[in-house]
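Asker: Fold the stuff below for me.
(2 chains)
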Amino acid sequence: MMMRFLALLLLVTPANAAQPADIAVALTDDLVEIDTGFSGAELTLFGAVTGVDDPQGKVDIISVVRGPETDFNIRRIVKHNLIWTPGAPHTVKGAPGLYLTNATRPINDIAPLPDQAAHGLGLDALPIRAGGREHGATDESESRLFAEAFLTEVEFKGLYRDLVGGVSFKKGALFSINIDLPATTPVGAYEVAVYLYRDGVLLGADSAKILVNKVGAERRIYDLAQKRPILYGLLCVALSLFAGWLAAMAFRK
Amino acid sequence: MQIYLPIAEIPVNPLAVMFMGGAVGFLSGMFGVGGGFLMTPLLIFYGVPPAVAVGTEASQIVASSVSGVLAHLKRKTVDFMMGGFLVLGGGFGAVIGIMIFRYFRAAGQIETFISVTYVIFLGVIGALMLTESLRALLRSPDAPRKRRKRRSAGWMAAMPFAMRFRRSQLYISPIPPIILGFLVGVLAAIMGVGGGFIMVPAMLYILNMPTNVVIGTSLFQVIFVTAIATVLHAAANQTVDIVLAMLLVAGGVVGAQLGARAGRRLKGEQLRALLALIVLGVCGKLLFDLTTPPVSPFIVETAS
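Answerer: Alright, predicted model coming up:
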């Protein structure tokens, strides 16, 4: 990690302009630990633009944070007689578990549409498909309706977000981007990709990785409950019996 | 301050959760009920996934029933033989309950299923309690009270394997207690309750047990059945959050002590009328949520 920072600094040499334009990034943290006190995390992405003199205002930067690929179910709540209850699920396969972008300007003003589709830049460019459960044969308009509803819901939950203006240029060629991971951040491997654009042309890209993990008591309890569920259940009962006995002793007159 | 719950996978405010445990503990201490039928809906209202609320509540009831049963053991007001048959039926009931729970969870309807079950049971019990307690309150205070006569239930003695239950002073077949235990076990597993609110009246009015052994024996069976339900929920559904359970226990034990003290100042009928109103209130809120169009017409969840 430290080596990468040093390498970044070395890139920013005065004779910068002679090189072809490129971008390089590094993260303050490449490991996010979910422990008992976890309520979200804030990471800072540091980067440098090379080959452009005084790049602020001359170039555009897009950052994309992608969480681990996840299968989601989306269901429409329908009325059955008197009761509102979720209907049959549509499955969204292989969508990012978390998806946050940040850019100097709206992505549509920075990158041409084919680029957006190719690199998955922005919510509109994500290939989200909501398939029905029965043999995958759902009609097209329904599938599109569910895909749009999926995006609205995950955006509302704070799992997906397009932000504009979160790229702050430091002195010279250095810049930083804040990445706010919500409390509901899924566990797994993340990729942070950064794209450098000028006049709608992609000049360079770089990426970094983040690992989000449960640690400490959090991790041990979760692992035990998943891997040794019967033992975990017995421990829960033993702990409850003990707590009840302790309470009885504490309040005995 | 926030605590991230390892199984529910949501951050919660531990003080708020302890306060909830304390409030329900207060009511359960005041009214002498388990409180599971109030705690589980409250957890759901707070945002805990319903399946986790049910599994976790089962383990909390184990803890909150221990101190009660210890007191009854000392007073020798537990009928172990009766309790044993109730637990036998209850164990099977819990297994069937978990299977039903799993079926609805796989179908994605567990949330609705839990809510509907609660609306039915809270509605019926609340209405019965309210009418009974209002009748008692309106009765003139000097009118003679009917004394409950214990008849030996001939039909239960006539069933096979009839035997003597010494503490309960009964000579009946173990089949009715096994069936009763079974039914309450199913409910305990599905609803995350101890089932005392059904067990106690059934013991009094169907099994004809004497009043002094009813509570102790009910608590005895509740501990075993909720312990079985806890292990089954943990094994089959991975929905027992021990951190959440311990927070609730911590609040609950303090609340129960305060509640028991407050309860001594009120008359039995008044207490039951008050409890009936609370039960009907929770039932109304669940019914309202079930029948009102949702704010957002879609829900997204990770496919397991």
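Asker: just for the stretch 51-200 of chain A, where's the confidence low?
Answerer: Scanning the stretch 51-200 of chain A for pLDDT under 70 picks out A:132-138.
Asker: Sketch out the strands for it, chain order is fine.
Answerer: In the stretch 51-200 of chain A, the segments counted as strands under DSSP state E, counting those that start in this stretch are A:60-66, A:69-80, A:83-86, A:90-96, A:99-103, A:130-131, A:160-164, A:167-169, A:174-181, A:188-198.
Asker: buried residues in the last one?
Answerer: So the one you mean is strand A:188-198. A:190, A:192-198 (16 or more other Cβ atoms under 10 Å in any protein chain shown). Where you see a C-beta, it was placed from the backbone N, CA and C, and this is true even at glycine.
Asker: List the contacts of stretch B:282-289.
Answerer: Residues from elsewhere that reach stretch B:282-289 (Cβ atoms under 8 Å, 6 or more residues apart in numbering or on different chains): B:37-38, B:41-42, B:45, B:115, B:118-119, B:122-123, B:126.
Asker: could I get the strands of the stretch 51-200 of chain A as CSV with distance to chain B?
Answerer: Compiled in CSV, these are given as follows (distance: least, Cβ to the nearest Cβ, whole Å):
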stretch, distance to chain B
strand A:60-66, 16
strand A:69-80, 4
strand A:83-86, 4
strand A:90-96, 6
strand A:99-103, 13
strand A:130-131, 10
strand A:160-164, 10
strand A:167-169, 28
strand A:174-181, 13
strand A:188-198, 11
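Asker: Out of the contacts of stretch B:282-289, which comes closest to B:Leu170?
Answerer: Closest approach to B:Leu170 among those (Cβ to Cβ): B:Phe37, at 28.0 Å.
Asker: Not counting residues beside it along the chain, what's closest to that closest one?
Answerer: Leaving aside its chain neighbours, B:Phe37 sits nearest to B:Val193 (4.9 Å; criterion: Cβ to Cβ, 6 or more residues apart in numbering or on different chains).
Asker: circling back to that earlier point, dump the strands of the stretch 51-200 of chain A into JSON lines; add distance to A:Phe46 as well.
Answerer: JSON lines is the format used below for those (distance: least, Cβ to Cβ, whole Å):
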{"stretch": "strand A:60-66", "distance to A:Phe46": "11"}
{"stretch": "strand A:69-80", "distance to A:Phe46": "27"}
{"stretch": "strand A:83-86", "distance to A:Phe46": "44"}
{"stretch": "strand A:90-96", "distance to A:Phe46": "23"}
{"stretch": "strand A:99-103", "distance to A:Phe46": "14"}
{"stretch": "strand A:130-131", "distance to A:Phe46": "37"}
{"stretch": "strand A:160-164", "distance to A:Phe46": "18"}
{"stretch": "strand A:167-169", "distance to A:Phe46": "11"}
{"stretch": "strand A:174-181", "distance to A:Phe46": "5"}
{"stretch": "strand A:188-198", "distance to A:Phe46": "10"}
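Asker: For B:Ile242, which of those is the nearest?
Answerer: Comparing the strands of the stretch 51-200 of chain A by Cβ to Cβ, strand A:188-198 comes nearest, at 23.9 Å.
Asker: So what's the gap between that closest one and the chain middle?
Answerer: 11 Å (Cα atoms, centre = their mean, to the nearest Å).
Asker: do the same with stretch B:87-100
Answerer: Distance, centroid of stretch B:87-100 to centroid of chain: 15 Å (Cα atoms, centre = their mean).
Asker: Stretch B:281-301 too?
Answerer: For stretch B:281-301, the distance to the chain centre is 23 Å (Cα atoms, centre = their mean).
Asker: Can you list the buried residues in it?
Answerer: So, applying 16+ other Cβ under 10 Å, buried residues of stretch B:281-301: B:282-283, B:286-287, B:289-290, B:298-300.
Asker: Which of the contacts of stretch B:282-289 fall within helices?
Answerer: If you go by DSSP state H, the contacts of stretch B:282-289 have B:37-38, B:41-42, B:45, B:115, B:118-119, B:122-123, B:126 in helices.
Asker: Among the residues you listed, the buried ones, what's the ChimeraX command?
Answerer: A single ChimeraX command selects the buried members of the ones in helices among the contacts of stretch B:282-289 (16+ other Cβ under 10 Å):
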select /B:37,38,41,42,115,118,119,122,123,126
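Asker: of the ones in helices among the contacts of stretch B:282-289, closest to A:Ala24?
Answerer: The nearest one, if we look at these relative to A:Ala24 and count by Cβ to Cβ, is B:Phe45, at 49.4 Å.
Asker: Now do the same contact list for the closest one.
Answerer: Contacts of B:Phe45 (Cβ under 8 Å, 6+ apart): B:Lys285.
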